[in-house]
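Student: Here is my input; please provide its structure:
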Amino acid sequence: MTDLTGSSLRLGFDETRTQVILRTTDEYRQDLVQLAGRFRTGGQLGPLSASVALEELLANLGALGGWPHHAGVEWAPELRDLVAGVVQDANTVKARLAGTEPRGEIFPDQVPHLLGETWQAELSEFQRRDIAKLLSLQHGANFSVPGAGKTRVGLAVYAAQKEQGKVSRLLVVCPKSAYESWQYETAVCLRYPLRTNVLDGSMDQWAEVLIVNYERLDRSLPKLAGWLKAAPSMIILDEAHRMKLGARGTYGAACMALGPLAARRMILTGTPAPNGSKDLENLLGFVWPGHGQRTVVQAVAGGDLTYASSVLRPLFTRTTKQELGLPPMQLRMRYVDMPPLHKEIYTSLVGGMSNGTARDDLSSLGKSALRLLMAATSPALLLEGGNRYEPLAYQLPPLDVPQGSSLYSLMQNLPDYELSPKYKEAVAIVAENAGQGRKTLVWTTFVRSLTTLERMLEKYGPAVVYGGTADREEQLRRFREDPSCTVLISNPATLGEGISLHHVCHDAVYVDRDFMAGRFLQSLDRIHRLGLAPDTDTRVTVLAARDTVDEVVEVRLDQKLEFMGRILDDPTVQQLGDLEEEPSVAAGLAPSDIEALLQHIGTR
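Tutor: Next up, the predicted model:
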């Protein structure tokens, strides 16, 4: 039993650090019952103990004011520090919104001094601005676009905190594609390179910077928790949208368990709300448990996104593409019409789904969405080949469609009778670009679609990168350096993050897109980021089959980009959803995505 000598109420974390355990003595047993009852998540664990969700406790600290013996309330050190940091930042934000200068506000011209004499890397005007804003808060969020130098900004905040003696080690959680960037920055930004360890095996206990990927996080929790506790630490989540599901997702739950152990928390992502406000709630909830979620909920409740943006703006920093001086990107939507047989098969599929898809069966709906996305490109993709990588074998010129055949047999042999109009367009665009000496990046979601395009674009020396690619680096090197390789074919899930192609490629074609706005934005940034010459002409063409799920995806992405652009006060993001239509020349499902999909397949 816990010793409560001199205390009437003791508050501390449970082992997951997502719940707060409240313990009391016999004298205050009934008071504990009443206190737990003030919280929606409150519940008795025993006669003298109760639990409350951390987020709710922090969002409603005022409920503790009713405890009869204030002097006897004792906080565990980790929980006390967490509460103090969240409350301090809430007061700073409140002062900013009131138009008054908060105590401890840092200004950009103070940043070089705060970094100390060992910092040697150059910082842009925007980076100094972002660092100052982040240092003015206990914890922070950097939503700058790719290429703005979020890694260097994050490292600079750590260096300044270390200079002040507030932290002495840094845990970086990031995708594997970001390892190289962190290893480079930790080696060159300071006069003495920081001892850095990538956690892919044994842990270097003497490392100052520990790098771990999201996939490894859950099984490394005890080890990482011990490392964070051993010394004052800072934790940075890079590409933080990976934990947008919050405690409901594996990555998010692991991050939420580690966050309270860090003296300073920071998130980095250029796409903080890919599916709407819930994503933003979870991200800011990691940085400021309780306060982050509540602030987002209250800000967007009235539906006025301009107001919401003004309320949330003090919580994050963002450098936009416009501020970086990037030349604008030309985005065009090119609609194609399905040939007769293609259209007949697609219509039949939609009819079958409308009869058999239950609106509350998320797994079934997700599969339906993927099938429709495949079918909009070519229904033949729905049938298994010899293996999952086998390309469709198109007959050129096409054969005549035999009369009296079943729909299934026609679908089996569809490549013999009709060429997918999307593939036809993609080949035409690549050919035109190659004739002008321009390389093209072709995006397609499905592996068989990818291998089919590889075969069709054979004369252009295609480089191909997807999950099963063994020589990924060689394929990328060939695309960058080999003049005879004029096309790279990939999918956003594989190549959407961490790769820069903007020095060699200024054209992209989307054969298909899914409902994931964040992935779409990330993939666009592969060829449109800092370092482009002012006169660079970046052209992006999105292909869509008319009267198919492609049109549903277009509407939903438009809505998501509109929301994110308005919340971030970044018109450039909003414009990405407003594609200009041009004539043809040759699935993360959010609840509102489900509604749109059900309407398309006729289920109410």
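Student: Quickly list the domain ranges of this structure.
Tutor: 9-74, 83-319, 329-600 (automatic domain parsing).
Student: now these as CSV including mean pLDDT and mean neighbour count?
Tutor: Using the backbone N, CA and C atoms, a C-beta is placed for each residue, glycine as well. Formatted as CSV, those follow (pLDDT from 0 to 100; neighbours: other CB atoms under 10 Å):
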stretch, mean pLDDT, mean neighbour count
domain 9-74, 92, 16
domain 83-319, 91, 19
domain 329-600, 81, 18
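Student: Please enumerate the helices of the stretch 51-200 of the chain.
Tutor: Using DSSP state H, counting those that start in this stretch, the helices found in the stretch 51-200 of the chain span residues 54-59, 77-97, 111-115, 125-135, 150-163, 179-188.
Student: what would those look like in CSV with distance to Trp443?
Tutor: What follows is the helices of the stretch 51-200 of the chain, written out as CSV (distance: least, CB to CB, whole Å):
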stretch, distance to Trp443
helix 54-59, 37
helix 77-97, 39
helix 111-115, 38
helix 125-135, 29
helix 150-163, 24
helix 179-188, 23
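Student: wait, which of the ones you listed is closest to Leu557?
Tutor: helix 150-163 (23.7 Å; CB to CB).
Student: Only C-alpha atoms, please: export the closest one in CSV.
Tutor: C-alpha atoms of helix 150-163 as CSV (Å, rounded to 0.1, in the frame of the first residue of the first chain):
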residue,chain,number,x,y,z
LYS,A,150,12.3,21.9,-39.7
THR,A,151,15.0,19.4,-38.7
ARG,A,152,17.5,22.2,-38.2
VAL,A,153,15.0,24.3,-36.3
GLY,A,154,14.2,21.4,-34.0
LEU,A,155,17.8,20.8,-33.4
ALA,A,156,18.4,24.5,-32.7
VAL,A,157,15.6,24.5,-30.1
TYR,A,158,17.3,21.5,-28.4
ALA,A,159,20.7,23.3,-28.5
ALA,A,160,19.3,26.4,-26.9
GLN,A,161,17.6,24.4,-24.2
LYS,A,162,20.8,22.5,-23.6
GLU,A,163,22.7,25.7,-23.3
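Student: roughly how far is that helix from the heart of the chain?
Tutor: Helix 150-163 sits 22 Å away from the centroid of its parent chain (CA atoms, centre = their mean, to the nearest Å).
Student: That one - contacts with which helices or strands?
Tutor: helix 111-115, helix 125-135, strand 140-142, helix 179-188, strand 233-238, strand 264-268 (3 or more CB pairs under 8 Å, 6 or more residues apart in numbering; DSSP states H and E).
Student: The ones you listed: which one's closest to Gln19?
Tutor: strand 264-268 (18.5 Å).
Student: and the closest one, what other elements does it pack with?
Tutor: Contacts defined by 3+ CB pairs under 8 Å, 6+ apart place strand 264-268 against strand 140-142, helix 150-163, strand 233-238, helix 277-287.
Student: one step back: nearest to Gln559 among the helices of the stretch 51-200 of the chain would be which one?
Tutor: Per CB to CB, nearest to Gln559 of those: helix 150-163, 26.3 Å.
Student: could you check the angle helix 125-135 makes with the closest one?
Tutor: Calculated by axes from the mean of the first three to the mean of the last three CA atoms, to 10 degrees, helix 150-163 forms an angle of 50 degrees with helix 125-135.
Student: who's in contact with helix 150-163?
Tutor: If you take CB atoms under 8 Å, 6 or more residues apart in numbering as the criterion, helix 150-163 is touched by 111, 114-116, 118-119, 121, 123, 127, 130-131, 134-135, 140, 142, 144, 167-168, 170, 178, 181-182, 185-186, 189-190, 234, 236, 238, 263-264, 266, 268, 270.
Student: and if you look at stretch 26-36?
Tutor: Contacts of stretch 26-36 (CB under 8 Å, 6+ apart): 8-9, 22, 24, 42-44, 47-52, 63-64, 66-69.
Student: Let's see which of the residues you listed end up in strands.
Tutor: Leu9, Leu22, Thr24, Gly43, Gln44, Ser49, Ala50, Ser51, Val52 (DSSP state E).
Student: Which residue is the nearest non-sequential neighbour of the fifth one?
Tutor: Think Gln44. Ala50 (5.1 Å; CB to CB, 6 or more residues apart in numbering).
Student: With Gln19 as the reference, measure out to the one you found.
Tutor: Remark: distance between Ala50 and Gln19 (CB to CB, to the nearest Å) = 10 Å.
Student: likewise Ala98?
Tutor: Separation of Ala98 from Gln19 (CB to CB): 34 Å.
Student: what's downstream of the host helix or strand of Val552, the next helix or strand?
Tutor: Remark: Val552 resides in helix 549-567, with elements defined by DSSP states H and E. Heading C-terminal from helix 549-567, the first helix or strand you meet, by DSSP H and E, is helix 571-575.
Student: Show me what that next one is packed up against.
Tutor: helix 321-324, helix 549-567.
Student: JSON lines please, covering the ones you listed and showing distance to Phe520.
Tutor: Below are the helices and strands packed on helix 571-575 laid out as JSON lines (distance: least, CB to CB, whole Å):
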{"stretch": "helix 321-324", "distance to Phe520": "15"}
{"stretch": "helix 549-567", "distance to Phe520": "6"}
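Student: so which of these gets nearest Ala257?
Tutor: Comparison of those against Ala257 by CB to CB identifies helix 549-567 as nearest, at 27.4 Å.
Student: List of residues touching stretch 166-181?
Tutor: Contacts of stretch 166-181 (CB under 8 Å, 6+ apart): 151, 155, 158, 161-162, 182, 194, 198, 207-214, 217, 224, 227-228, 230-239, 242, 255, 258, 262-264, 497-499.
Student: Cool, thanks, talk later.
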